[in-house]
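Engineer: the following comprises the amino acid sequence and a computationally predicted model.
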Amino acid sequence: MKIVKVETESVSLPLDEPALDSTARWSDFNFLLVKVYTDEGIVGVADIAPLHGKEMGIFEKIILDKLEQKIVGEDPHNIERIWIKMIGFGSEAYALGRSGAVVTASSAIDVALWDIISKSFDTPLYNLLGGKFRDSIELYASFMGQPPVERIKNFVSEGFKGVKVKVGFNVKKDIEYVKMLREVLGYDFKLMLDGNQGYTIEEAKFFARRVEDFEIFWFEEPIDVFNFNGLKSLSKSTIIPVALGENYYMIKDFIKIMEENIAIVVQPDINHVGGLTQARKVSSIAEAYGIKLAPHLHSIVGFMVGLHLITASPNGYIAEYPVYGKRWRARDQFLEKCLVIDNGMAKIVGKKGIGLEEKFFNS
């Protein structure tokens, strides 16, 4: 089997209401759909998302002007060889480096190749990762911003065992919001908080002290994720577990937070970390350190890939279910043939590959 071409398609889906975190606000869900074709007719799919500023063209250029020429003619089964070839070493990596956008673009190609490989064996992707360690996966509802209590209550009543909301805006107002959630909704669900790097180290420590009594399940990206000394200091100053990973591109960054005992949960993003090839390595290293895996899952294809990885990983923990308003739940129609969600639990039912067909967005 040989790779013969790569195609991309820019897609923008309007949101019912603007989404926001402590660093950005967006009114559309923008992504780049990536398709890799083979001479045997098998097509692999992937996506790059979310792209808040409609940066689809940047990744399209990297994929079509640089990466495609490197992979056409290759056997897609040679996944490790192709990954190294895309990222490059020495002079080959000078122009685009070995982090950031080029890794994100390579991640999409990598995911599409895993889709091709598992389709070629006519088996679900998780079987290539070690098979089923678990039959179903717990989901948590991941909200953009600080939604009204009733909206959160609806998801809890549907059976979701966990909820994540945004903080990092204003320390005192964030504290009051968290306090209100617990007072109104109680303690029968996991409550995660995502700072999106919005706090200073002093603000993060003050905030953590004030919300410790509200049984916070984890405090995600409280400060600059590359301020490793600050993260270590924060993690030692609070009983609230720290979660990190969505903005790390290299395995060495994950190893650092594991070695320093900074995070008890790692959250590699399939789009950032180098695709599934690297994400599964992060998962295995985390398992060796006794650290739980809860991938950052905000793209549509990436969401399914993350579920396959959690299904097969002994340290797979819980999966993020992004909430972008009522209309966004229509996303599930793209997944209905490969996924069942019931009572806050997800179960993969697709028979081969990631489970999504290359034409899944054509309608």
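Structural biologist: Structure received. Numbering: from 1, shown residues only.
Engineer: beta-bridge partners for residue 34, please?
Structural biologist: With DSSP bridges as the criterion, residue 34 is bridged to residue 8, residue 46.
Engineer: same question, the one 4 residues further on
Structural biologist: Bridge pairing for residue 38 (DSSP bridges) gives the partners residue 3.
Engineer: tell me how far it lies from residue 147.
Structural biologist: Taking Cβ to Cβ, to the nearest Å as the measure, residue 38 falls 43 Å from residue 147. Bear in mind the C-beta positions are built from the backbone N, C-alpha and C, glycine included.
Engineer: got the buried residues for stretch 115-133?
Structural biologist: For stretch 115-133, a neighbour-count test (16 or more other Cβ atoms under 10 Å) marks 115, 116, 117, 118, 119, 120, 124, 125, 126, 127, 128, 129 as buried.
Engineer: can you give me the end-to-end span of it?
Structural biologist: Using Cα to Cα, to the nearest Å, the end-to-end distance of stretch 115-133 comes out at 20 Å.
Engineer: give me the contacts around that stretch.
Structural biologist: 1, 36, 38, 40, 42-46, 76-77, 79, 114, 276, 280, 305, 308-309, 311-314, 316, 348, 350-355 (Cβ atoms under 8 Å, 6 or more residues apart in numbering).
Engineer: distance of residue 291 from residue 285?
Structural biologist: Residue 291 is 8 Å from residue 285, where distance means Cβ to Cβ.
Engineer: got it, and residue 199?
Structural biologist: Applying Cβ to Cβ, the value for residue 199 to residue 285 is 28 Å.
Engineer: residue 143 against residue 166, yeah?
Structural biologist: Yes. With the criterion set as Cβ atoms under 8 Å, residue 143 and residue 166 qualify as a contacting pair; they are 7.1 Å apart.
Engineer: in terms of neighbours, single out the busier of residue 291 and residue 285.
Structural biologist: Neighbour count, other Cβ atoms under 10 Å: between residue 291 and residue 285, residue 291 has more, with 21 against 15.
Engineer: what sits against the more buried one?
Structural biologist: Under the criterion of Cβ under 8 Å, 6+ apart, the contact list for residue 291 reads 258, 263, 264, 265, 266, 315.
Engineer: inside helices: which ones of those?
Structural biologist: Among those, DSSP state H puts residue 258 in helices.
Engineer: pick out the most distant pair among the contacts of residue 291.
Structural biologist: For the contacts of residue 291, the farthest-apart pair by Cβ to Cβ is 263 and 315; their separation is 12.9 Å.
Engineer: now the buried members of the contacts of stretch 115-133.
Structural biologist: Taking 16+ other Cβ under 10 Å as the criterion, what is buried in the contacts of stretch 115-133 is 36, 38, 42-46, 76, 79, 114, 276, 280, 305, 308-309, 311-313, 316, 348, 350, 352-355.
Engineer: I am finished for the moment; much appreciated.
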